[in-house]
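J.: When you get a sec, could you give me coordinates for this:
(4 chains)
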There are 4 protein chains.
Amino acid sequence: MNRTDITPILDGTHEAYGNGVAWTMNLLIILSAIAIAMETEPSLPAAMHLWLKRFEILLLGIFTLEYLLRLFAADRPLRYALSFWGLVDLLTILPAIAFLTPEWQAVRVLRLIRLVRLLKLFRSSRALDRLAIAFQDVRGELMVFGVTSGLVLYVAAVGIYLFEHEAQPAAFSSIPMSLWWAVASFTTVGYGDLIPITAGGRVFTTFVLFIGLGIIAVPAAIVTTALLEAETNIGKKKKKKSKKPKKTEATDSKTAQSTKGD
Amino acid sequence: MNRTDITPILDGTHEAYGNGVAWTMNLLIILSAIAIAMETEPSLPAAMHLWLKRFEILLLGIFTLEYLLRLFAADRPLRYALSFWGLVDLLTILPAIAFLTPEWQAVRVLRLIRLVRLLKLFRSSRALDRLAIAFQDVRGELMVFGVTSGLVLYVAAVGIYLFEHEAQPAAFSSIPMSLWWAVASFTTVGYGDLIPITAGGRVFTTFVLFIGLGIIAVPAAIVTTALLEAETNIGKKKKKKSKKPKKTEATDSKTAQSTKGD
Amino acid sequence: MNRTDITPILDGTHEAYGNGVAWTMNLLIILSAIAIAMETEPSLPAAMHLWLKRFEILLLGIFTLEYLLRLFAADRPLRYALSFWGLVDLLTILPAIAFLTPEWQAVRVLRLIRLVRLLKLFRSSRALDRLAIAFQDVRGELMVFGVTSGLVLYVAAVGIYLFEHEAQPAAFSSIPMSLWWAVASFTTVGYGDLIPITAGGRVFTTFVLFIGLGIIAVPAAIVTTALLEAETNIGKKKKKKSKKPKKTEATDSKTAQSTKGD
Amino acid sequence: MNRTDITPILDGTHEAYGNGVAWTMNLLIILSAIAIAMETEPSLPAAMHLWLKRFEILLLGIFTLEYLLRLFAADRPLRYALSFWGLVDLLTILPAIAFLTPEWQAVRVLRLIRLVRLLKLFRSSRALDRLAIAFQDVRGELMVFGVTSGLVLYVAAVGIYLFEHEAQPAAFSSIPMSLWWAVASFTTVGYGDLIPITAGGRVFTTFVLFIGLGIIAVPAAIVTTALLEAETNIGKKKKKKSKKPKKTEATDSKTAQSTKGD
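T.: The predicted model follows:
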């Protein structure tokens, strides 16, 4: 194993060791995210906090080693250090060092900056690229229906404000507040903190919900569909490669819009 | 630039300036909607209110200028003034003038009439036409399933009223009140203001929900599907124009029912 | 107009008057349902109650007239009187008569029996037949996934009972009570009357929800799909009749299973 | 009827008696599950408890008989006794015996172990196999989108924690607690125990919900689709067997990805 092997191994593209190293690193990143989440739990026993700190030191060592190895293996170390992934690698370590300094430990945001580690998950996998491609394909549609959904929410908020403001001046205090009601209602989450109580407000809610739910569902449906397709296209290229060489092009253009049939 | 260019520029159809003007006007309308929403916020500092008022005066100037320009550019000014868009343009300005008169500022509804501006968003874009076409295509289906959904809601409301009225006479006080429960439950919003507590009411809810959710979901599915199709058809016409000239008709008729595959 | 015309007119199948009479009767039935719902509203002013009573008497007259006309027009009056629709027509009138008797007015259930009128909506339209056909087509699938969904709900209920019973003995008091939680959670209604509070219960809920929602969604998806298809098939037969005579059969068999492609 | 017929009869594969016996056994298992659920109800009258106990003794007798018959009919009894289904059959009886011993009756978990009986439902039907096949087909996709969904939930939890922790230190006390909010919100259950109250938290929730709901919906959509397909493929093989012998292969490959069209 020589110097030129280091980057492929760490990137997970090396033939012999790549896969194993990539999985190990991704697992460490996910464990790190779980550990950072657990640290914020106030009811955690002190002993557990100690173990979490030890785990953090271990991670710090591993990620520092990775950073140094990448610097050492890079043809132009400075260029790597200033590249996007180089900065991500650095940000992965720096806040951790700060975290170990007692007087900085209280700064909550600082501790959470370590979560920049999650970005590293996207280097070895190509999931982020797929996601980006899927979104790019439907960018135009998403914008049109995003704006339409925004309008539906706005109109619903203004309407409920007119109906409920007088009856519940504290709850439906303003249009932005009513927008929060519209968000909770049209996503069907329905937290229950803002509920129409006037007859008019309830009738309005009924109509606006039944008409609006179909419209608001469109952007989510576009995203879901685009992601399902992106995955299918990749899966098909793997499985069916050159099965029906002649028809492939036509088939692909058909697949391009899944729920939209062809 | 001469007089005949004014209308195309304002409509966003002018070759050179149309796009820019249309985007600017749409942006102003959306900012205006946000400003109107913020005005209702009671916790807003006085300084912010002053800025919102200044922004409103600026908008008033721009929309008045637009109205006058359109009047000036129209071949028959009176006809424009009495047309739908002419009245919308007028209503965009009038309430704002009233809003600046101190004694009328308190009339909440008057201030919100300015939101008629949102309609102007639909002049330059053709989104409203698409929406109208999409709804027209499925009008018949929507009515059939709309009535069916209404019946399901009504039957669920009567049922829960029979089960819960005695146990919770204040909550499930009448069938219209129980209908409000049915709306919140079948849209899966579930505000939590009305909750069955009797064993019978809960068993009834379980059955009626599991059977009814599939039926109630149909109208929303029809709307979502119709909108996705409308967008796809337009997208296809742009992208694939005359790719498969012979099959186009057959393909279109197939596309007519999106989620129904091919 | 002679005696043999009466039944077709009332059924809405008569060429000249059928449509108008059918629409009028259906409208009356829906208005009657709305009136019956409003009667239960305790806050309704006395004057309104009087008008509702008058409307009820009017309906009583119309439905009695319909019943008598049908009896008179039937070839074998007794057979009609004992048929399903004959009994429905009778039940439409009888409780109303009881309703007008002062001492019976308090019997709530009696008053609601008048809602049997809603059944009459299904005589002139063929909506019920379509619904029945749609359900028949997917009966087998529905049963398999209905049982599977029931199992998922049951397992979720037992699990949450084990996790939460000790922490909240009043809320999660038994497995049937926990089933109510499972119903509210898996339909995503989320009333908020039963909420897991233990760490174990929450982790369990997270896993069981993410795995189970996809399974529980299947029966509703089957119903929605079947109804969309039933409508499409009818719509196609009306619109495209003999457009592509040769391909029709193949196309139909393909369309038969919408989300299931072909 | 001789010894070799016993196993097929109990498994439900016997030509003459199989179906009836299988249905009876499945019914008994479901009734047993309902009985076990009812036992936990504290408000149940004592007489009902007695009847449930008697029913349990009856079941115990039937399942013991089944176990003994299977042991007797097996070619190699020990092998059956140590096989998966042999152990399931044993576990079906043992806890019931314990349940009848007065001093063990209080052990709740012990009583619920009897629910292992539900597993027996999967022996005669092939539902479990279908489920397993459906999941196997989409295992890869599920993992990719499961991890993506997990990331979305985690990022949403960290974000809401930063926005709401200071305003509601008791509710959004830690990141794991915020994750519980994210689970309830992104499944759209919305229990309403944790609700953002700061303006920042609400704006963040709005954006993260509208972007995230489309992504989180993907795993559930994959499961629903896979199950619908699995059922359709089986249904088609039964109904359309050799209808279009030549096209079958092409058709099947098309069906392989339902919502993904072809």
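J.: For chain B, see how far away residue A:70 is.
T.: 42 Å (Cβ to the nearest Cβ, to the nearest Å). Glycine gets a C-beta too; all of them are placed from N, C-alpha and C.
J.: That residue reaches residue A:9, doesn't it?
T.: No - taking contact to mean Cβ atoms under 8 Å, the distance of 10.5 Å between residue A:70 and residue A:9 leaves them out of contact.
J.: ok, residues contacting stretch A:59-72?
T.: A:3, A:6-7, A:10, A:25, A:28, A:32, A:35, A:77, A:80-81, A:86, A:89-90, A:92-93, A:96-97, A:100, A:117 (Cβ atoms under 8 Å, 6 or more residues apart in numbering or on different chains).
J.: Which ones, among the residues you listed, also lie beside chain D?
T.: Filtering the contacts of stretch A:59-72 for proximity to chain D (criterion: Cβ under 8 Å from any Cβ of the partner chain) leaves nothing.
J.: who touches the nearest residue to residue A:41 once chain neighbours are set aside in this structure?
T.: Counting by Cβ to Cβ, 6 or more residues apart in numbering or on different chains, residue D:174 is the residue found nearest to residue A:41 once chain neighbours are left out, at 4.2 Å. Residues in contact with residue D:174 (Cβ under 8 Å, 6+ apart) are A:37, A:40, A:41, A:42, D:161.
J.: now swap in residue A:4 and tell me
T.: residue A:73.
J.: Could you say which helix or strand holds it?
T.: helix A:3-11 (DSSP states H and E).
J.: Name the residue of chain A that lies nearest to chain B.
T.: Relative to chain B, the nearest point of chain A is residue A:214 (2.8 Å; Cβ to the nearest Cβ).
J.: I'd say that residue and residue B:224 touch.
T.: Yes - counting by Cβ under 8 Å, residue A:214 does reach residue B:224; the two are 5.0 Å apart.
J.: Name the nearest residue to residue A:201, sequence neighbours excluded.
T.: Using Cβ to Cβ, 6+ apart and skipping the chain neighbours, the partner closest in space to residue A:201 is residue A:163 (3.7 Å).
J.: Around that neighbour, count how many other residues there are.
T.: 22 (other Cβ atoms under 10 Å in any protein chain shown).
J.: again, but for residue A:150
T.: Based on other Cβ under 10 Å, the number of other residues close to residue A:150 is 16.
J.: what about it, distance to residue D:200?
T.: Look at residue A:150 and residue D:200: by Cβ to Cβ, to the nearest Å, they are 19 Å apart.
J.: ditto for residue A:230
T.: Counting by Cβ to Cβ, the gap from residue A:230 to residue D:200 is 32 Å.
J.: Please identify which of those two sits among more neighbours.
T.: residue A:230 (18 against 14).
J.: can you pull the contacts of the more buried one?
T.: A:130, A:131, A:133, A:134, A:137.
J.: The fourth one contacts residue A:225, correct?
T.: No - taking contacts as Cβ under 8 Å, residue A:134 lies outside contact range of residue A:225: 9.2 Å.
J.: higher neighbour count, the two?
T.: Per other Cβ under 10 Å, whichever of residue A:134 and residue A:225 has more neighbours is residue A:225, with 25 against 20.
J.: Can you classify that one by secondary structure?
T.: Classification of residue A:225 using DSSP: H, G, I helix; E, B strand; the rest coil returns helix.
J.: per-residue confidence for it?
T.: For residue A:225, the model assigns a pLDDT of 80.
J.: Run through who's touching stretch A:30-39.
T.: Stretch A:30-39 has contacts (Cβ under 8 Å, 6+ apart) with A:44, A:48-49, A:52, A:55-56, A:59, A:111-112, A:114-115, A:117-118, A:121, D:154, D:157-158, D:174-176, D:179.
J.: Now do the buried residues in that stretch.
T.: A:30, A:32, A:33, A:35, A:36, A:37, A:38, A:39 (16 or more other Cβ atoms under 10 Å in any protein chain shown).
J.: How many residues are close by the residue in the stretch 101-250 of chain A that chain D sits nearest to?
T.: As assessed by Cβ to the nearest Cβ, chain D sits closest to residue A:223 within the stretch 101-250 of chain A, at 2.7 Å. Taking other Cβ under 10 Å as the criterion, the count of residues near residue A:223 is 25.
J.: contacting residues for it?
T.: Residue A:223 touches A:134, A:135, A:138, A:142, D:211, D:214, D:215, D:217, counting by Cβ under 8 Å, 6+ apart.
J.: Now render the residues you listed as CSV, adding secondary structure and pLDDT.
T.: Output for the contacts of residue A:223, formatted as CSV (DSSP: H, G, I helix; E, B strand; the rest coil; pLDDT from 0 to 100):
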residue, secondary structure, pLDDT
A:134, helix, 77
A:135, helix, 80
A:138, coil, 82
A:142, helix, 83
D:211, helix, 83
D:214, helix, 82
D:215, helix, 84
D:217, helix, 82
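J.: Scan the residues you listed and report the most crowded one.
T.: residue D:217 (27 neighbours).
J.: who's in contact with the nearest residue to that residue once chain neighbours are set aside?
T.: Residue nearest to residue D:217 in three dimensions, not counting chain neighbours: residue A:224, with 4.8 Å by Cβ to Cβ, 6+ apart. The contact partners of residue A:224, taken as Cβ under 8 Å, 6+ apart, are D:214, D:215, D:217, D:218, D:221.
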